[in-house]
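# Next come a sequence and a model predicted from it.
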Amino acid sequence: MNRYDIKILETVQSNGRISNKELAKKVNLSPAPCWRRMQALDQAGYIKQYTALLDHEKIGLTIIAFAHVSLENHHENTVNAFDKAIMDWSQVQECHATSGGYDYLLKIIAVDMQSYNKFMYEKLLKLKAIRSVNTSFSMKQKKVSTQLPLGHLGG
């Protein structure tokens, strides 16, 4: 990976819809080599996916919750049941296995407190795998970013 590759990745992180012509200009390459580099980065798996980020508030999803989850045990069938369930629930945006006092941290989004409560009692807490859930709610998003820091790559 060289400085052109890094600049390409930095640029497409902030604008995934940029044209190859615009991208080539920003990274100081001609369009054909820029396109080849972009294709190589894509095929090598540096780019996981292209997506549109929606404004959650404009579409009526006003609750962002962070749920610390502890499982009853760490047996394979318990963990598999938990993993399968969270993959099926669109309200769960992220799931992180964590160190410390809890097993997992879930980022959950909901329309309102009533729908969050319904999700908790009709889905999450019905899992036999769950021992406890401790939830914190986001009062205000101070920073949201999907861009990864690439400075360590050098180039």
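Arrived safely, thanks for sending.

# pLDDT weak spots in this structure?
For the chain, the stretches flagged by pLDDT under 70 are 155.

# Would you map the strands across it?
For the chain, the strands defined by DSSP state E occupy 63-71, 92-97, 104-110, 130-137.

# Nearest to Lys123, out of those?
Checking those against Lys123 by C-beta to C-beta gives strand 92-97 as the closest, at 9.3 Å. (Glycine included, C-beta is placed from N, CA and C.)

# Parallel or antiparallel, which strands does the closest one pair with?
Strand 92-97 pairs in its sheet with strand 104-110 (antiparallel), by DSSP bridges.

# Tell me the buried residues in stretch 124-132?
Buried residues in stretch 124-132, counted by 16 or more other C-beta atoms under 10 Å: Leu124, Leu127, Ala129, Ile130.

# ugh, typo on my part, it should be stretch 21-28
Applying 16+ other C-beta under 10 Å to stretch 21-28 flags Leu23, Ala24, Lys26, Val27 as buried.

# just to revisit the earlier point, the buried residues of stretch 124-132: which two are farthest apart?
Across the buried residues of stretch 124-132, the longest distance by C-beta to C-beta is 9.9 Å; it joins Leu124 and Ala129.

# Touching both of these two, which residues are there?
Ala85 (C-beta atoms under 8 Å, 6 or more residues apart in numbering).

# which one in this protein is furthest away from the centre?
The centre of the chain is farthest from one residue, Ser30, which by C-alpha atoms, centre = their mean lies 32.7 Å away.

# Against Ser19, how distant is it?
14 Å (C-beta to C-beta, to the nearest Å).

# Could you chop the chain up by domain?
The chain breaks down into these domains under automatic domain parsing: 3-52, 63-137.

# from the chain's centre, how far out does the longest one sit?
Using C-alpha atoms, centre = their mean, to the nearest Å, we find the averaged C-alpha position of domain 63-137 to lie 16 Å away from the chain's own average C-alpha position.
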